[in-house]
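[1] Sequence isn't available, so here's the structure alone:
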C-alpha cells in the first residue's frame with residue numbers, strides 16, 4: 001500500500017510510523033518543516049481529566065495509555081509524573097470537586113491530598129492559602145513535544161518512510177485506483193490512500209479532496225484556539241510535574257526552563273501581534289510565578305508566543321473517510337499531543353480495514369456542507385483546562 005501523509009506534526013508522524021511498521025510505503029509531505037504548526041507551540045500536557053462528553057474522555061484516556069506503551073521503560077520525551085491542581089475560590093473548588101467525583105466514578109486515577117502531601121511531591125511549591133484544596137492526577141504526564149516528534153519521525157524513517165519538507169500540497173487528484181497528491185514545486189505523489197494530518201490547515205486540505213471539514217479560525221484573537229505560552233530562562237526551582245494553579249499553570253521545559261500558561265490572559269492573545277519577553281504578558285506571568293513556586297526570584301522570560309490550536313468546527317476530534325468512494329482519510333484534533341500515539345495506531349488499523357469503536361463518534365461525515373456552526377468558544381479560564 002502506498003500512502004501519502006500530509007503534515008509532519010506529531011499526529012502525522014505517528015500515523016506515518018504506524019503505517020510504515022505495517023509495511024506501507026509512506027511519503028510524508030510537509031508544507032514548511034516538521035513541527036512548524038501546533039506541535040512545537042503546545043503546553044503538551046497529556047491528560048483526559050476535563051475531556052467531555054464520555055466518548056471524548058474515553059478516547060483521550062486511551063491516548064494516555066498509548067503514551068505509556070510508546071515510551072516503554074522510558075523515553076527522553078515522556079515524563080509520567082502526574083498533575084497537581086489546587087483551588088482557592090469557591091467556584092474553582094466546586095468545579096474541581098465535580099470533576100474528581102466524575103473521574104473516580106469512571107476509574108480515572110485521582111486523589112485528594114493535603115497541602116503537606118503536595119509539598120512532599122513538590123518541595124519548592126509555594127505556600128497556598130489555608131483554605132486551598134489539592135487534587136493529584138498521578139497518571140497524567142507532560143512531554144517535550146519536539147523530542148516526541150523527532151522520536152516518531154525517526155521511527156517512521158527507520159521503517160522506510162520518506163519525509164519531504166517544503167512540499168505544500170496544491171491538489172489531490174482522484175484516479176481509478178487511488179489519488180495523486182500534487183505539490184507547489186511540481187512534485188506528484190501517487191498513492192493508494194491519502195491521510196490528512198494538516199492540523200489547523202485541515203479545512204483547506206480537505207477541500208482539495210472535495211471534503212467538508214470545518215475548522216475554527218486558528219487566528220481568531222481571544223478565542224479558545226489561541227493562547228499564550230512563555231518560556232523562562234533556566235531557573236533553580238525544583239519542579240518535576242505539571243502544576244495547574246488558580247492563576248498560573250507551570251511545567252518543566254527542559255534544561256531548567258519553565259513553561260508558563262495563564263488561561264485568564266488568553267482573551268487578549270492575538271497571533272498577529274508580537275509579544276516581547278520583557279513585555280506586559282511576560283511581566284504578568286512572572287509576577288504570578290512566586291504564587292506557584294519558591295526559588296524563582298530573578299527568573300526572566302526568554303520567549304512569549306501565541307499557540308494556535310487545531311480545533312474542528314464543533315470542538316471534537318475528526319477521524320475517518322469523509323466519503324466512502326474517495327481514498328482520503330482526515331485526522332484533526334485539538335488534543336493532538338495527548339492523542340498522537342493512539343491515533344497513529346488507530347488510523348493505521350482503519351486503513352487496513354479494522355474500524356475502531358473509539359472513533360465511532362468522531363467521523364467527518366457528521367458535518368454537512370453549508371452547515372452553520374456555533375461561534376467559537378471564548379478563551380478558557382482557570383478550572384476549565
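    Cool, the structure landed. From a predicted model like this one, the values you see are computed outputs, not experimental measurements.
[2] So which bits of the biggest helix by length in the chain are buried?
    Looking across the chain with DSSP state H, the single longest helix is helix 54-71. Residues of helix 54-71 classed as buried by neighbour count (16 or more other CB atoms under 10 Å): 55-64, 66-67, 70-71. Glycine gets a C-beta too; all of them are placed from N, C-alpha and C.
[3] Quick check: what element follows that helix along the chain?
    Going down the chain from helix 54-71, the next helix or strand is strand 78-79, by DSSP states H and E.
[4] name the helices or strands packed onto the next helix or strand after that next one?
    Downstream of strand 78-79, the next assigned helix or strand under DSSP H and E is strand 83-87. Under the contact criterion of 3 or more CB pairs under 8 Å, 6 or more residues apart in numbering; DSSP states H and E, strand 83-87 touches helix 90-105, helix 115-121, strand 133-137, strand 242-244.
[5] Quick one: closest of these to residue 167.
    Closest to residue 167 of those is strand 242-244 (CB to CB; 35.1 Å).
[6] mind listing what the closest one pairs with, with the direction of each?
    Sheet pairing of strand 242-244 (DSSP bridges) gives strand 83-87 (parallel), strand 249-252 (antiparallel).
[7] I'd like those as TSV, with mean neighbour count and distance to residue 4 appended.
    TSV is the format used below for the strands paired with strand 242-244 (neighbours: other CB atoms under 10 Å; distance: least, CB to CB, whole Å):
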stretch	mean neighbour count	distance to residue 4
strand 83-87	24	37
strand 249-252	23	35
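[8] thinking again about what came up before, which of the helices and strands packed on strand 83-87 sits most buried?
    strand 242-244 (a mean of 26; mean count of other CB atoms under 10 Å).
[9] now residue 308, nearest residue through space, not along the chain?
    residue 218 (4.2 Å; CB to CB, 6 or more residues apart in numbering).
[10] for residue 85, same thing?
    residue 244 (4.2 Å).
[11] ok, now residue 118?
    residue 134 (4.7 Å).
[12] May I have the residues that are in contact with residue 350?
    Residue 350 makes contact with 319-320, 329, 356, 359, according to CB atoms under 8 Å, 6 or more residues apart in numbering.
[13] among the residues you listed, which ones are buried?
    Buried by 16+ other CB under 10 Å: 319-320, 329, 356, 359, out of these.
[14] quick one: which of those is nearest to residue 169?
    Closest to residue 169, out of all of the buried ones among the contacts of residue 350 and judged by CB to CB, is residue 329, at 14.5 Å.
[15] Who is that closest one paired with across the strands?
    Bridge pairing for residue 329 - DSSP bridges - gives residue 195.
[16] That one contacts residue 196, correct?
    Yes. At 7.2 Å, residue 329 counts as touching residue 196 under the criterion of CB atoms under 8 Å.
[17] hmm, back to that, I figured the residue nearest to residue 308 hits residue 204, correct?
    No. Counting by CB under 8 Å, residue 218 does not reach residue 204; the two are 11.5 Å apart.
[18] Looking at the two, which one has more neighbours?
    Using other CB atoms under 10 Å as the criterion, residue 218 and residue 204 rank with residue 218 on top: 23 against 13.
[19] For residue 173, find the nearest of the helices and strands packed on strand 83-87.
    For residue 173, the closest of those is strand 242-244, at 44.7 Å, according to CB to CB.
[20] Need the residues that contact that closest one.
    45, 47, 81-86, 122, 125, 140-142, 249-251, 292-293, 385.
[21] mind checking how far residue 17 is from residue 88?
    Taking CB to CB, to the nearest Å as the criterion, residue 17 is separated from residue 88 by 43 Å.
[22] picking that back up, columns distance to residue 32 and mean pLDDT on top of the strands paired with strand 242-244, output as TSV?
    Output for the strands paired with strand 242-244, formatted as TSV (distance: least, CB to CB, whole Å; pLDDT from 0 to 100):
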stretch	distance to residue 32	mean pLDDT
strand 83-87	32	98
strand 249-252	26	98
